[in-house]
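*Asks:* Can you look at this prediction? I've put the sequence above it.
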Amino acid sequence: MRHFGLIGCPLGHSRSAEYFADKFLHEGIEADYTLAAIATIDAMPEATRGWNGFNVTIPYKKSILPYLAHISDEAAAIGAVNCVRRNADGSMEGFNTDINGVRATFARLGIADGVRALVLGNGGAAAAVEFVLRERGMKYTTVSRSRERGNTTYDRLTPQTIMQHSLIINTTPVGMYPDVESAPAIPYCALTPDHTLFDVIYNPAPTRFLSLGAERGARIIGGETMLVAQAEASWRIWNGAER
């Protein structure tokens, strides 16, 4: 039997184990998938001992990098890894499958290349979103809590800013289970039916961020498509394919 899993903290929101358990059952695959909530990245080697591969979620998508013998070109460009493959010699390779999830979500939405995006957050998920936006030649503005880490800050957002960005993407954990009543601090009053809101969070569905957008008539999509696409890309990588 092969062993896979997920590291991060917290993991109470994750449905990865459920997804893979269902996949393994229905496809007759002899494997298991374990959630390992670790307090620091230093606990990763022991927590993943014996695993053939694993996923990485917040807050370790960037801090995992020094532990890896090799990272893919895309992961290097993004500066974040969310999928690790362990080789026969014990060395580990890092990949980024979040970009598969972002691409799949954009395809489902039919996002036009000329759309201007507002990216909320500046962590590993934001880096993957920005990679795909650059890949498509789309202009975007990054919002973070400090000016040094983004193009602008939440306290500088105005209704005019919202009106200038018809695609708004939440890459932060704000609103993720169990903190389901929270939402990123943006001027929701400026949202219109011309806006599209994409939240990388899939639990709850919908998030308050998306619900507030729907109340204003905006088109909304959660992280379910992203979850499936990145999970399937991880499975291909663990089985020897680069994507």
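*Replies:* Received the coordinates, thanks.
*Asks:* quick one: furthest residue from the center of the protein?
*Replies:* Relative to the centre of the chain, the most outlying C-alpha is that of residue 89, 29.2 Å out, by Cα atoms, centre = their mean.
*Asks:* May I have the phi/psi pair for it?
*Replies:* The phi and psi values for residue 89, taken as degrees, to the nearest 10, are phi -90, psi 0.
*Asks:* Please tell me how far the spatially closest residue to residue 195 that is not a sequence neighbour sits from residue 232.
*Replies:* In this structure, residue 195 finds its nearest non-sequential neighbour in residue 218, 4.1 Å apart by Cβ to Cβ, 6 or more residues apart in numbering. In short, each C-beta sits where N, CA and C put it, glycine included. Distance, residue 218 to residue 232, by Cβ to Cβ, to the nearest Å: 28 Å.
*Asks:* pLDDT at residue 151, what is it?
*Replies:* Residue 151 carries a pLDDT value of 85.
*Asks:* That one touches residue 130, doesn't it?
*Replies:* No: using Cβ atoms under 8 Å, residue 151 makes no contact with residue 130, being 10.7 Å away.
*Asks:* Overlap in contacts, these two.
*Replies:* Shared contacts of residue 151 and residue 130, defined by Cβ atoms under 8 Å, 6 or more residues apart in numbering, are found at residue 142.
*Asks:* More neighbours: these two, which one.
*Replies:* Neighbours were counted for residue 151 and for residue 130 using other Cβ atoms under 10 Å; residue 130 has more, 20 against 14.
*Asks:* SS state for the more buried one?
*Replies:* Here residue 130 is recorded as helix under DSSP: H, G, I helix; E, B strand; the rest coil.
*Asks:* Check the gap between it and residue 75 for me.
*Replies:* From residue 130 over to residue 75 the distance is 14 Å, taken as Cβ to Cβ.
*Asks:* Next: residue 237.
*Replies:* Per Cβ to Cβ, residue 237 is found 11 Å from residue 75.
*Asks:* residues bridging contact with the two, i.e. touching both?
*Replies:* Shared contacts of residue 237 and residue 75 (Cβ under 8 Å, 6+ apart): residue 95.
*Asks:* Specify which residue of the two has the higher count of neighbours.
*Replies:* Comparing residue 237 with residue 75 by other Cβ under 10 Å, the one with more neighbours is residue 75, at 27 against 20.
*Asks:* I'd like the average pLDDT over the strand or helix carrying the more buried one.
*Replies:* Using DSSP states H and E, residue 75 sits within helix 73-78. What helix 73-78 shows for mean pLDDT is 96.
*Asks:* and that helix, how far from the chain's centre?
*Replies:* For helix 73-78, the separation from the chain centroid amounts to 15 Å (computed by Cα atoms, centre = their mean, to the nearest Å).
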